[in-house]
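# Fold the following.
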Amino acid sequence: QLQLVESGGGLVQPGGSLRLSCATSGSTLEDYATGWFRQAPGKEREAVACISSSGRSTNYADSVKGRFTISRDNAKNTVYLQMNSLQFEDTGVYYCNLVIWPNNYWGQGTQVTVSS
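Here you go, the predicted structure:
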């Protein structure tokens with residue numbers, strides 16, 4: 001049974017940085033594109049970034065372009081989200097996502113709070 005485990009969230013001041021990690025057990029990530037989503041209080045879950053299985057292709061939501069970087073280390077079975085220049089609006093629970101047709105896998109999420 002594949003499980004995704006996020007870590008690295010926390011409380012940070014505006015302008016600060018965090019690096020989130022998404023690790024898997026029960027399978028390997030290297031064969032699959034992987035994404036990060038987030039959900040702010042009272043809002044719907046939204047896509048933040050995704051990365052191809054090889055790591056050569058990435059996509060970002062307009063709101064995070066130039067500030068966030070998604071990467072992967074297939075040897076460690078881990079996908080990362082480096083978040084710089086954090087803003088109040090980046091507050092939310094961040095989830096790792098993986099689709100292995102027909103199943104859609106989510107981690108438990110990690111809380112990111114940007115506050116002064």
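
# For the residue minimising distance to the centre of the chain, which non-adjacent residue is closest in space?
Ranked by distance to the mean C-alpha position of the chain (CA atoms, centre = their mean), the top residue is Trp36 at 3.2 Å. The shortest distance from Trp36 to any non-neighbouring residue, by CB to CB, 6 or more residues apart in numbering, is to Val48 (4.4 Å). C-beta here means a position set from N, CA and C on the backbone, and glycine is covered the same way.

# Beyond the strand or helix carrying that neighbour, next helix or strand please.
Using DSSP states H and E, Val48 falls within strand 46-51. Next helix or strand after strand 46-51 toward the C-terminus (DSSP H and E): strand 58-60.

# Give me the buried stretch members for that next one, please.
Tyr60 (16 or more other CB atoms under 10 Å).

# on contacts alone, who are the packing partners of that strand?
Secondary-structure packing of strand 58-60 (3 or more CB pairs under 8 Å, 6 or more residues apart in numbering; DSSP states H and E): strand 46-51, strand 68-73.

# how about the first one: buried residues?
By 16+ other CB under 10 Å, the buried positions in strand 46-51 come out as Val48, Ala49, Cys50, Ile51.

# Where does pLDDT dip in the protein?
The model of the chain has pLDDT under 70 over residues 26-27.

# Could you confirm Glu89 falls within a strand?
No: with DSSP: H, G, I helix; E, B strand; the rest coil as the criterion, Glu89 is located in helix rather than a strand.

# Alright, that wraps it up for me.
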